[in-house]
Every structure is written in C-alpha cells, then in structure tokens.
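Participant: Predicted model and sequence below, questions to follow.
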Amino acid sequence: MPITIDVHTVLFDVTAKNNIIVCHYEIKGITREFLLSPKTKLQIRQGIVESYCQ
C-alpha cells in the first residue's frame, strides 16, 4: 500500500471490522458533484476491487 487505482484514486489502507472489509482511499482532482454521481461511485468501487483483488 498505497495502491494507485486511477489518476484520481489511491487506496491507502484496508481493514476488517465485524466481518466486513473496509477500504480507505483518497480521491483528488474531481468535483464533489462528479464524485457523488452513481456512475462514478460504481466505477471507483470496481477499480478498487479489481486492483486490490489482483
């Protein structure tokens, strides 16, 4: 760690809590509105899962 997911996203920690994996990541260089869109959330989630599970 850290793992660069894309130009905006860096995964910097992964922890377990109550049998749930919690990913801690930093996102830079995009607007709040763009970040909160459902499509963007899905793309970020998919990128993190793909990168972490390699």
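Facilitator: Cool, the structure landed.
Participant: Pull the CA coordinates from stretch 5-21 and hand them back as CSV.
Facilitator: Extracted in CSV, the C-alpha atoms of stretch 5-21 (Å, rounded to 0.1, in the frame of the first residue of the first chain):
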residue,chain,number,x,y,z
ILE,A,5,-6.4,2.8,-8.7
ASP,A,6,-6.6,5.6,-11.4
VAL,A,7,-5.4,9.2,-11.8
HIS,A,8,-7.8,10.3,-9.1
THR,A,9,-7.9,7.5,-6.6
VAL,A,10,-5.4,6.0,-4.2
LEU,A,11,-6.2,3.1,-1.9
PHE,A,12,-4.1,3.6,1.2
ASP,A,13,-5.5,1.1,3.8
VAL,A,14,-7.8,-1.9,4.1
THR,A,15,-9.1,-3.1,7.4
ALA,A,16,-11.6,-5.6,8.7
LYS,A,17,-14.4,-4.8,11.0
ASN,A,18,-17.3,-7.1,12.0
ASN,A,19,-16.5,-9.4,9.0
ILE,A,20,-16.6,-6.5,6.6
ILE,A,21,-13.7,-5.3,4.6
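Participant: For this protein, which segments count as strands?
Facilitator: Taking DSSP state E as the criterion, the chain contains strands spanning 3-4, 9-17, 20-27.
Participant: tell me the mean pLDDT for the first one?
Facilitator: It refers to strand 3-4. Taken as a whole, strand 3-4 has an average pLDDT of 87.
Participant: quick one on the thing from earlier: just send the strands of the chain back as JSON lines, with distance to residue 47 and mean neighbour count too.
Facilitator: Where C-beta positions appear, they are placed from N, C-alpha and C, glycine not excepted. Formatted as JSON lines, the strands of the chain follow (distance: least, Cβ to Cβ, whole Å; neighbours: other Cβ atoms under 10 Å):
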{"stretch": "strand 3-4", "distance to residue 47": "10", "mean neighbour count": "14"}
{"stretch": "strand 9-17", "distance to residue 47": "6", "mean neighbour count": "12"}
{"stretch": "strand 20-27", "distance to residue 47": "10", "mean neighbour count": "12"}
